[in-house]
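Student: Predicted coordinates and the sequence they were generated for:
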Amino acid sequence: MPKTIIIRHKKERKSKCSLQPLVEHKDMDFYTYPHNLPEIPNNYIRLDVNAPVLSRQDAEQGLLLLDGTWKLVEPMNKRYAHIPGRSLPILKTAYPRVSKVFNDPDGGLASIEALALSYFILGKEWQSLLDGYYWKNQFIELNQDFFNTVPS
């Protein structure tokens, strides 16, 4: 299986980044935007809120996750618009937010929640991805009905 490529915006604070515990994960490659950017192979899909929903049929594809605030990710999405996008079902985040963000009335998922949800849908081992996430148990409990289903 292709490694997951995570491109984190240089302004994203590592101390608050929910993906930081995965930097050394054997199945992840981290890069910093706009520097040190890889060529993305043709067999990758990109998480994008304005795309068809991710499904088990995408399991053979590599996953590209762009990490940053909504405002920071917008130009990153433009750069990688040639990579087919997939969205995620709407779940509840456990990540505490102070305010709502643009174009996302429920505040959206933390990056680690989106990654774990993607892995769940793709049929990959997902729970260990959340091991370094402080709100792991709350996230799973909030979305227990979804995680008790078998994605198609």
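Tutor: Good, I have the coordinates.

Student: Return the helix or strand in the chain with minimum mean pLDDT.
Tutor: helix 70-79 (a mean of 90; mean pLDDT, DSSP states H and E).

Student: From the chain's centre, how far out is it? Work that out for me.
Tutor: 14 Å (C-alpha atoms, centre = their mean, to the nearest Å).

Student: likewise stretch 55-70?
Tutor: The answer for stretch 55-70 is 6 Å, by C-alpha atoms, centre = their mean.

Student: for stretch 76-90, same thing?
Tutor: Using C-alpha atoms, centre = their mean, the offset of stretch 76-90 from its chain centre is 11 Å.

Student: what residues does it touch?
Tutor: 7, 9, 33, 40, 44-55, 58, 64, 66, 68, 106, 109, 114, 117-118, 121, 146 (C-beta atoms under 8 Å, 6 or more residues apart in numbering). For glycine as for every other residue, the C-beta is placed from the backbone atoms N, C-alpha and C.

Student: Drop anything exposed from those residues.
Tutor: 7, 9, 33, 40, 44-49, 54, 58, 64, 66, 68, 109, 114, 117-118, 121, 146 (16 or more other C-beta atoms under 10 Å).

Student: Which of those fall within helices?
Tutor: 114, 117, 118, 121, 146 (DSSP state H).

Student: Do I have it right that the last one meets residue 109?
Tutor: Meaning residue 146. No: using C-beta atoms under 8 Å, residue 146 makes no contact with residue 109, being 11.9 Å away.

Student: list residues touching both of the two?
Tutor: Going by C-beta under 8 Å, 6+ apart, residues that sit against residue 146 and also against residue 109 are residue 91.

Student: Tell me who's in contact with residue 64.
Tutor: 4, 5, 6, 7, 40, 44, 45, 46, 47, 80, 83.

Student: ok, 10 Å please
Tutor: 2, 4-7, 38, 40-41, 44-48, 80, 83-86 (C-beta atoms under 10 Å, 6 or more residues apart in numbering).

Student: That one and residue 125: what is the separation?
Tutor: Distance, residue 64 to residue 125, using C-beta to C-beta, to the nearest Å: 19 Å.

Student: Now do the contacts for the closest residue to residue 147 other than its chain neighbours.
Tutor: Nearest residue to residue 147, sequence neighbours excluded (C-beta to C-beta, 6 or more residues apart in numbering): residue 140, at 6.2 Å. By C-beta under 10 Å, 6+ apart, the contact set of residue 140 is 94, 113, 116, 127, 130, 146, 147.
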